[in-house]
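> this is the structure alone, sequence omitted:
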């Protein structure tokens, strides 16, 4: 009898495999980073073959650490960085170009051209999304316009498009010439700007407008699929045939991992970016305040569940920038101790609009800004202002969500790597004025993918079975001093306004 569920989490900066038991506890894990490629300002790419190598290595290492064989694993779930766009040759498995990462802004002109007829919300009724560089559809169009021979290959049926879930599942189930399956799930499909929220199918009108052949797109399947997407290959990294039957975009996976199954439940994930999702049930709720309407999950034949999402491009990536580009810290964990060297931000505010501004503004022309500096400012103030920037961006999304839903936040469930930063979590509680709650398993993204796969094979019976696994690790209460959530937040908003219209 298989005893465990495996999750392969392909993220923006790294890939990891995590193996869970029935109690949702981590049995083993392994994680490896991959290269971030910056060909020019505003461009961000990944080498998809390197990512597959890392994915294969983390699976093998996690299995070895746990002393497991394929027969011990009941199912495999996949979760992934969303919107990152790859096109590859189905005969050879070779990408036609590097993957264009979700943070990349090179499609700005394409989005502006599309907005000339109908505005930025031209496709929002169908997709729940504004025209923005964030999403996959314009990235496919850019690849067609700039990669020689790609359109001919697509029209011949040789070129396949996918977000990273599609690429990983295609490789796990065989790769070129081995019967690999080309699929995506509803949550990832909902981030392409190509899927109709009501039909859960590719929208023919948008495909025609972007001139994208339907034949290159993956089949859209439920997030948890009892019919399975396919089986891992016996000669693959798991060393045997295991059902691959769960897939969720990383933020939706974290929502499932946090067991936000009731209408009105929300979570915030602090990773490369920062993403707040509010479960709106089976109703499609269109935002009036700059949020996205997206698929939350679909389990088997059940009705799809939708969500409102506030997407923030730069959170943990700001700490990486301080480490890798500015050399202010040696490790990401150092930012907390550096920020603790000062009592406050010293009057300095950081707006990390490195990829423009996402929710609630959707201003692709904005760029990063540091303002309020005097000779008093130290490295510690830089670190403190960076942490505050993450908390303030979250506050903006929370305010927009309350305006859309009419529901005031009582507490915030949090997860992701940055929740290990206890100073950030306290700042977040102070900025919001509500408790911030971290669960026992803070890496909810991988757990959500495992839950999706486990539900498909009956390893867990139903969502209520999953709720029993959720438990509180730590809660941060807001302090009595309201400076962060009043005066300093007003100053932050003032700083944000200064970033508008930087690029013409």
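In hand now; what should we look at? As the structure is a computational prediction, the values presented were derived from the model and not from experiment.
> from here on, just use CA atoms for contacts and neighbour counts.
Noted.
> give the buried residues for the strand or helix carrying residue 465.
Assessed by DSSP states H and E, residue 465 sits inside helix 463-467. Across helix 463-467, burial judged by 16 or more other C-alpha atoms under 10 Å covers 463, 466.
> could you give me the average pLDDT of it?
For helix 463-467, mean pLDDT rounds to 90.
> off-centre distance for it?
23 Å (C-alpha atoms, centre = their mean, to the nearest Å).
> shouldn't residue 215 be in contact with residue 161?
No: taking contacts as C-alpha atoms under 8 Å, residue 215 lies outside contact range of residue 161: 9.3 Å.
> which secondary structure elements does the biggest helix by length in the chain contact?
The longest helix of the chain (DSSP state H) is helix 379-405. The helices and strands touching helix 379-405, judged by 3 or more C-alpha pairs under 8 Å, 6 or more residues apart in numbering; DSSP states H and E, are strand 274-281, strand 305-312, helix 334-339, strand 349-351, helix 422-432.
> can I get those in CSV with distance to residue 99 and mean pLDDT?
Converted to CSV, the helices and strands packed on helix 379-405 look like this (distance: least, C-alpha to C-alpha, whole Å; pLDDT from 0 to 100):
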stretch, distance to residue 99, mean pLDDT
strand 274-281, 21, 89
strand 305-312, 21, 91
helix 334-339, 30, 94
strand 349-351, 27, 95
helix 422-432, 32, 95
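> for residue 475, find the nearest of those.
Of all these, helix 422-432 sits nearest to residue 475, with 9.0 Å by C-alpha to C-alpha.
> hmm, who's touching the closest one?
Outside helix 422-432, the residues that touch it by C-alpha atoms under 8 Å, 6 or more residues apart in numbering are 336, 340, 387-388, 391-392, 395, 418-419, 435-436, 476-479, 481-482, 484-485, 489.
> note down every partner strand of the helix or strand that comes right after that helix and its orientation.
Remark: after helix 422-432, the chain's next helix or strand is strand 436-439, criterion DSSP H and E. Looking at strand 436-439 with DSSP bridges, its partner strands are strand 412-415 (parallel), strand 472-476 (antiparallel).
> re earlier: now do the longest helix of the chain, average pLDDT.
Here helix 379-405 scores 93 as its mean pLDDT.
> which of residue 215 and residue 161 has more neighbours?
residue 161 (25 against 15; other C-alpha atoms under 10 Å).
> find the nearest non-adjacent residue to that one, please.
residue 87 (4.4 Å; C-alpha to C-alpha, 6 or more residues apart in numbering).
> please name the bridge partners of the spatially closest residue to residue 39 that is not a sequence neighbour.
Take residue 39 and drop its neighbours on the chain: the residue closest to it by C-alpha to C-alpha, 6+ apart is residue 45, 7.8 Å away. Note on residue 45: beta-bridge partners by DSSP bridges are residue 37, residue 100.
> returning to what we had before: can you redo the helices and strands packed on helix 379-405 as CSV with distance to residue 193?
Shown next, in CSV, are the helices and strands packed on helix 379-405 (distance: least, C-alpha to C-alpha, whole Å):
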stretch, distance to residue 193
strand 274-281, 18
strand 305-312, 15
helix 334-339, 36
strand 349-351, 27
helix 422-432, 31
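> and those: which comes nearest residue 129?
Of the helices and strands packed on helix 379-405, nearest to residue 129 by C-alpha to C-alpha is strand 305-312, at 10.2 Å.
> next, the buried residues of stretch 258-277.
Using 16+ other C-alpha under 10 Å as the test for burial, stretch 258-277 gives 258-261, 264-277.
> hmm, which of the contacts of helix 422-432 are the buried ones?
Buried members of the contacts of helix 422-432, scored by 16+ other C-alpha under 10 Å, are 336, 387-388, 391-392, 395, 418-419, 435-436, 476-479, 484-485, 489.
> relative to strand 274-281, how tilted is the longest helix of the chain?
20 degrees (axes from the mean of the first three to the mean of the last three C-alpha atoms, to 10 degrees).
> show residues contacting the helix holding residue 465.
Identification of contacts with helix 463-467 by C-alpha under 8 Å, 6+ apart yields 259, 261, 451, 460.
> how about CSV for these, with pLDDT added?
Shown next, in CSV, are those (pLDDT from 0 to 100):
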residue, pLDDT
259, 92
261, 92
451, 97
460, 95
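> most widely separated two among the residues you listed?
Distance extremes for the contacts of helix 463-467: the farthest pair is 261 and 460 at 15.0 Å, using C-alpha to C-alpha.
> got any ranges where the protein has weak pLDDT?
Applying pLDDT under 70 to the chain picks out residues 1.
> any chance you could map the helices in the stretch 201-350 of the chain?
For the stretch 201-350 of the chain, the helices defined by DSSP state H, counting those that start in this stretch occupy 204-210, 250-257, 316-324, 334-339.
> what comes up buried for the third one?
Using 16+ other C-alpha under 10 Å as the burial criterion, the residues of helix 316-324 that qualify are 316-320, 322-323.
> over to the first one?
Buried residues in helix 204-210, counting neighbours by 16+ other C-alpha under 10 Å, are found at 204, 206-207, 210.
> out of these, flag the one nearest to residue 172.
Comparing the buried residues of helix 204-210 against residue 172 with C-alpha to C-alpha places residue 207 closest, at 28.1 Å.
> now do the contacts for that closest one.
Shown in contact with residue 207 (C-alpha under 8 Å, 6+ apart): 194, 213-214.
> can you lay out those residues as TSV showing distance to residue 235?
Converted to TSV, those look like this (distance: C-alpha to C-alpha, whole Å):
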residue	distance to residue 235
194	35
213	33
214	31
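> export these to CSV and append columns for neighbour count and distance to residue 20.
Listed next are those as CSV, based on neighbours: other C-alpha atoms under 10 Å; distance: C-alpha to C-alpha, whole Å:
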residue, neighbour count, distance to residue 20
194, 26, 34
213, 17, 39
214, 18, 37
